[in-house]
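[1] please work out how this folds:
(one chain, ligands or ions: 1)
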Amino acid sequence: MALSCFSSKDTDIFDVMSRRRSTRKFDPKPIEEWKTEKILATADTAPTAGNFQGFEIFHVKDEKIKEKLVKAVNNQPYVNSSLVLVYCKNPSRVKLDFPATTLKKFAIQDATLAAAYSQLAATVLSLSSIWIGMINEKKVVQIIGTKLVPSSILCIGYPTQQKLSKPRKNLAELIHVLG
Ligand SMILES: Cc1cc2nc3c(=O)[nH]c(=O)nc-3n(C[C@H](O)[C@H](O)[C@H](O)COP(=O)(O)O)c2cc1C
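    Numbers count the residues shown, from 1 in each chain. Sure thing, here's the model as predicted:
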């Protein structure tokens with residue numbers, strides 16, 4: 001299904017960004033397959049170092065694996081949402097002639113951007129998400145059966161309530177103008 005089924009307000013990038021809010025309470029209803037595909041495809045539109053796509057995504061469908069993941073993320077219960085995506089770093093995909101430490105840094109940035117793009121795609125699709133950064137990496141690696149280190153988990157689903165924007169610090173406190 002094309003995005004043409006949305007109004008221009010639904011897809012206005014600034015409106016989408018201001019509507020995105022972390023959600024920890026989801027309706028258990030499943031997410032349409034085409035929406036899942038769109039979220040995954042959007043992840044792959046994010047910029048990556050050298051365009052080498054130094055990340056991989058594990059789409060967790062198995063409810064038992066989700067239960068194990070809940071325990072591996074400090075018992076955060078929302079990790080059983082309809083769509084659970086584990087974003088992993090894969091520095092070996094980044095074929096650039098730089099030290100391993102640099103490639104690792106690139107891979108974490110690649111995986112992070114991919115997840116951030118996915119969150120925005122979810123918002124356009126009337127879904128909501130929560131970013132899980134509190135991860136026991138060793139446990140998650142074991143549970144999903146990979147050697148790749150996870151950087152974040154996105155739990156996505158239909159929100160049970162619409163939230164207003166969260167207050168932020170004054171922008172001036174975050175911006176340093178040089179010159
Ligand atoms: C790096 C990072 C790690 C996070 N880890 C968690 C987490 O483990 N559990 C959680 O409930 N929220 C987590 N969050 C979500 C933040 O709490 C949330 O984004 C923040 O409070 C701002 O709220 P908003 O997303 O609604 O604007 C994380 C967000 C980021 C970017």
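[2] residues touching the residue nearest in space to the middle of the chain, list them.
    Geometric centre of the chain, nearest residue: Ala115, 2.8 Å, by Cα atoms, centre = their mean. Going by Cβ atoms under 8 Å, 6 or more residues apart in numbering, Ala115 touches Ala43, Leu85, Tyr87, Trp131, Ser151, Ser152, Leu154. Every residue, glycine included, has its C-beta placed from N, CA and C.
[3] and the third one, how many neighbours does it have?
    A count of nearby residues for Tyr87, using other Cβ atoms under 10 Å, gives 26.
[4] please tell me I have it right and it contacts His59.
    No: contact criterion Cβ atoms under 8 Å: Tyr87 and His59 do not qualify, at 10.7 Å.
[5] spatially nearest residue to the residue of the chain found nearest the ligand, not counting backbone neighbours?
    Using Cβ to the nearest ligand atom, the closest approach of the chain to the ligand is made by Gly133 at 2.5 Å. Closest residue to Gly133 apart from its sequence neighbours, by Cβ to Cβ, 6 or more residues apart in numbering: Ser152 at 5.6 Å.
[6] the one helix or strand the one you found maps to pairs with which strands?
    Using DSSP states H and E, the element containing Ser152 is strand 149-159. Within its sheet, strand 149-159 is paired with strand 26-27 (antiparallel), strand 83-89 (antiparallel), strand 128-132 (antiparallel), according to DSSP bridges.
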